[in-house]
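Engineer: here are the coordinates; sequence isn't available:
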């Protein structure tokens, strides 16, 4: 039997985006002004502290589901996502565990790291994702999918993958429609494309960005009508050429070069890490 709202259990699978990188659970460790404490804190919190000190949009969504009409005050939640994972790794390592836990709802967001690689076969990638969706839907689990963000707002080097992400997103929309999945439209969430929504590495979201995505995910589950935002990117403030060159050079040294080095060595930032919430954990209010 297919699960229907209200959902009493939720499992998140994916990569660093769903693990919650750069959304620091302890504001004191957040390099961004204001930290996580300045962003839409709810009255609910996951009982188990997040390993590595990260929170993220999926944790925030679980907290919001506690008081949502499509959630439950007794919601249980697991987060199996690990940074650096490619889609095939997510499906091989995390999907079987998600099926074993048999929650009402699974969020599936994978493929972003694949799209960063120039030789990825996007059609094959979409086939892999569809196979995972079919496996979940066949046992009655509802699936919340998340599409890729628009890299036009990113560093010039990351913008080069925009067409691949766009094609991948087209496949994801088709998959969602075929199998009756929810789709969180991050690509079209134009509020997301301002500097404050992104971490210093320009790849991961800041606490504010994670909060915005979690609200969009909740609205998707609740069926809140979308509002027209258009597709124009927010205007970037003008910067002198010298400043642009200096900032891009610093970004390459600090963030891109280490990523390339790991890739050349066959090393992932997630090597040796375990999921922060490997089982279904109660989500409760602070007053409980």
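Structural biologist: Alright, I've got the coordinates. Small disclaimer: the values here were computed from a predicted structure and weren't measured.
Engineer: Provide a list of residues in contact with the spatially closest residue to residue 130 that is not a sequence neighbour.
Structural biologist: Leaving aside its sequence neighbours, residue 130 sits nearest to residue 175 (CB to CB, 6 or more residues apart in numbering; 4.9 Å). (Glycine included, C-beta is placed from N, CA and C.) Shown in contact with residue 175 (CB atoms under 8 Å, 6 or more residues apart in numbering): 126, 129, 130, 133, 145, 181.
Engineer: Buried residues, stretch 164-172. List them.
Structural biologist: Neighbour counts over stretch 164-172 (16 or more other CB atoms under 10 Å) mark 164, 165, 166, 167, 168, 169, 171, 172 as buried.
Engineer: ok now it, how far from the chain's centre?
Structural biologist: Relative to the chain's own centre, stretch 164-172 is displaced by 16 Å; criterion: CA atoms, centre = their mean, to the nearest Å.
Engineer: And the helices in the stretch 1-150 of the chain?
Structural biologist: 16-19, 57-65, 87-89, 95-101, 112-115, 122-138 (DSSP state H, counting those that start in this stretch).
Engineer: and of those, who's closest to residue 187?
Structural biologist: Among the helices of the stretch 1-150 of the chain, the nearest to residue 187 by CB to CB is helix 112-115 (11.8 Å).
Engineer: just checking, what packs against the closest one?
Structural biologist: Here helix 112-115 touches helix 122-138, helix 162-179, going by 3 or more CB pairs under 8 Å, 6 or more residues apart in numbering; DSSP states H and E.
Engineer: biggest separation within the buried residues of stretch 164-172, which pair?
Structural biologist: Of all pairs in these, the most separated under CB to CB is 164 and 172 at 12.6 Å.
Engineer: Tell me the predicted confidence for residue 25.
Structural biologist: Predicted confidence (pLDDT) for residue 25: 78.
Engineer: Ignore what I typed, I meant residue 234.
Structural biologist: 80.
Engineer: for residue 278, same thing?
Structural biologist: Residue 278 carries a pLDDT score of 97 in this model.
Engineer: Just the buried positions in the helix or strand containing it, please.
Structural biologist: Element membership for residue 278, per DSSP states H and E: strand 277-285. Residues of strand 277-285 classed as buried by neighbour count (16+ other CB under 10 Å): 277, 278, 280, 281, 283, 284.
Engineer: now do stretch 214-233
Structural biologist: 214, 215, 216, 217, 218, 220, 221.
Engineer: coming back round to it: with the contacts of residue 175 in mind, which one is nearest to residue 232?
Structural biologist: residue 145 (25.1 Å).
Engineer: For the closest one, give me its contacts.
Structural biologist: Each residue near residue 145 by CB under 8 Å, 6+ apart is listed here: 107, 108, 109, 133, 172, 175, 176, 181, 182, 183, 184.
Engineer: Can you select the buried ones among these for me in ChimeraX?
Structural biologist: Listed next is the ChimeraX selection for buried residues among those, using 16+ other CB under 10 Å:
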select :107,108,109,133,172,175,176,181,182,183,184
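Engineer: Could you dump the helices of the stretch 1-150 of the chain into CSV with distance to residue 150 added?
Structural biologist: Putting those into CSV (distance: least, CB to CB, whole Å) gives the following:
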stretch, distance to residue 150
helix 16-19, 14
helix 57-65, 17
helix 87-89, 19
helix 95-101, 27
helix 112-115, 12
helix 122-138, 16
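Engineer: quick one, which of the ones you listed is nearest to residue 3?
Structural biologist: That would be, of the helices of the stretch 1-150 of the chain and by CB to CB, helix 122-138, which comes in at 10.3 Å.
Engineer: Contacts for the closest one, please.
Structural biologist: The contact list for helix 122-138 (CB under 8 Å, 6+ apart) reads 2, 87-88, 91, 95, 98-99, 106, 108, 110-111, 114-115, 143, 145, 164, 167-168, 171-172, 175, 178-181.
Engineer: rerun that using 7 Å as the cut-off
Structural biologist: Outside helix 122-138, the residues within contact range by CB atoms under 7 Å, 6 or more residues apart in numbering are 87-88, 91, 95, 99, 106, 108, 110-111, 114, 143, 164, 167-168, 171-172, 175, 179, 181.
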